[in-house]
Structures are given as structure tokens and as C-alpha cells.
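K.L.:
Below are the sequence and a predicted model; questions follow.
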Amino acid sequence: MSINFITFNELKDIDIMYDFHIHTNQTDGQESIETMIKTAIDKGLNKIAFTEHVRKNSDWFGKFAESVKETASKYSGIEVLVGAETKVLDKYGNLDISDTILEKSDIILGSVHSIPDEKGGFIDFSTLTPWELAEIEFELSKGMLKYAPIDVLAHPGGMYSSRYGGFPIEYFKELMILAKANDKAIEFNSKYIKNAYDFLSACGDIDPALSVGSDAHKAEEVGNCKHMLNQFEYKTFQRRASK
Ligand SMILES: [Zn+2]
Ligand SMILES: [Zn+2]
């Protein structure tokens, strides 16, 4: 992991003044790179990452990365990273991303966005029971944490949560343990986490490296994640070593 993510129990307010999950109108976001940078500055963030949805054949990525760097060079006081959000293709951590994009990225978010059928296709979500979906999403996430070249597991349990509510706390815990063992961060995602209380309790127990990501598709969503951590008083979940 090249980015120095801070572990949950060590986080201070200054450490969460960033947003590492931002989209633009290059893919399904609504705003330009510049609008998102300006908004982040207005909201007092000191670091952001553009993490566009990519696929193996996203040949626009190099040009996009250049425009991010070029636009960012006009502003001071904020560090701007460029990277990608990529979806997992199987339980062995294979990703829908090319080596070229991996090389050009400062940060890689790994996501479960669809459920692979292990034959090159995808399963319709509606054919799965909630329990089956939770189980499969958990397995796919574990595969990424063990084997994939990602920095962050993005929106853990997000496919389940967006349909059925809170992802089981035992699963959060296991994913956090695996993230730690494999030197990866786990994302606190303000859009998908429906049981923040459980997630933060698990963070206090396991103390994983945490990434703060809003999955911002609009300017007003930039920095939401930091806001939500404060709303839930994340510090009250922190455990201090008793020495
Ligand atoms: Zn996503
Ligand atoms: Zn996203």
C-alpha cells in the first residue's frame, strides 16, 4: 500500500479532512474535475482522490489522469490524487482493470458492483435471497483483500446494504481483519453504510486502516463522509490501548 492510511483508533479530526471516493462527468458523476476540486477546497478538505469507474478497455484513462493533474496544479493547499474504482470479477480478486490503468493510478478502490456467475457473466440480483447476496458479496470482498492489487475495499457490503440495510457486523469485522493482514484499507462510505454504529464498533475492536470516501457524484456530496463520521461521533468508538 503506497498511501499511508491511518488506523481507526489513531484517527484525529485533521486526519479525516479528505475524500478518497469522487466521480466526475467523465463517467457517472455530474460535475467537472475543476468543480469538484473547488468544492473540496471550499469545504476545507486537504486531500481528495478522483476514483473513476474503469473497465479493462477504458482507453480514456490516461487523458483523464493528465487533466486531473493539470487542473490540480492550478490550486494550492490541496493534494489531488487520481485513481480508479474497479469492480471484482471473481472470488480470486481478478479485477476489471488494465495494467496501464493500474500503473497510472495513485489509488485503486476495489468494489463489488455485480455478482459474477464464474462463467464470465453476471447473476441478476433479484434471483438471490438476501442471505445469498450477503454471502457472495462477503466472499468477493475477501478475494479482493487477499489477492487483488487494491489499496481500499470500497463500500464494504454495499450491494447488500443498498437493498436490505445493514451488512452483518461479523462480516465487517472479518473484512477488517483481512484488510489489516493484507495491508489494505477499508472504506467508511457515507452512501452505502446503513449501520454506521455497527461499522464503527467493529472499527474500534479491530482497528483497521480506514479510508474516508463519500462516493461523491455531485458537488454537494464532496466531504459527506467526513461529515457522517463526525455526526456519529467516531471518536466515541475509538479504543485506546490500556497501558
Ligand atoms: Zn462503487
Ligand atoms: Zn464510486
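P.N.:
That came in fine, so what should we check first? Ligands and ions are numbered 1, 2, ... in the order given.

K.L.:
For the helix or strand where Leu81 lies, list every residue counted as buried.
P.N.:
Leu81 is located in strand 79-87, with elements delineated by DSSP states H and E. Residues of strand 79-87 classed as buried: 80-87 (neighbour count, 16 or more other CB atoms under 10 Å). (Glycine included, C-beta is placed from N, CA and C.)

K.L.:
Over to stretch 7-16?
P.N.:
Of the residues in stretch 7-16, those scored as buried under the neighbour-count criterion (16+ other CB under 10 Å) are 8-9, 11, 16.

K.L.:
can those residues go into JSON lines with extra columns for distance to ligand 2 and pLDDT?
P.N.:
Output for the buried residues of stretch 7-16, formatted as JSON lines (distance: CB to the ion, whole Å; pLDDT from 0 to 100):
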{"residue": "Phe8", "distance to ligand 2": "21", "pLDDT": "98"}
{"residue": "Asn9", "distance to ligand 2": "26", "pLDDT": "98"}
{"residue": "Leu11", "distance to ligand 2": "22", "pLDDT": "97"}
{"residue": "Ile16", "distance to ligand 2": "18", "pLDDT": "97"}
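
K.L.:
Need the max-distance pair from the residues you listed.
P.N.:
Asn9 and Ile16 (13.2 Å; CB to CB).

K.L.:
for His21, helix, strand, or coil?
P.N.:
Following DSSP: H, G, I helix; E, B strand; the rest coil, His21 is assigned to strand.

K.L.:
Pretty sure it sits against His217.
P.N.:
No: in terms of CB atoms under 8 Å, His21 does not count as a neighbour of His217; the distance is 9.9 Å.

K.L.:
Between the two, which has more neighbouring residues?
P.N.:
When neighbours are counted by other CB atoms under 10 Å, His21 and His217 differ, and His21 comes out ahead with 32 against 20.
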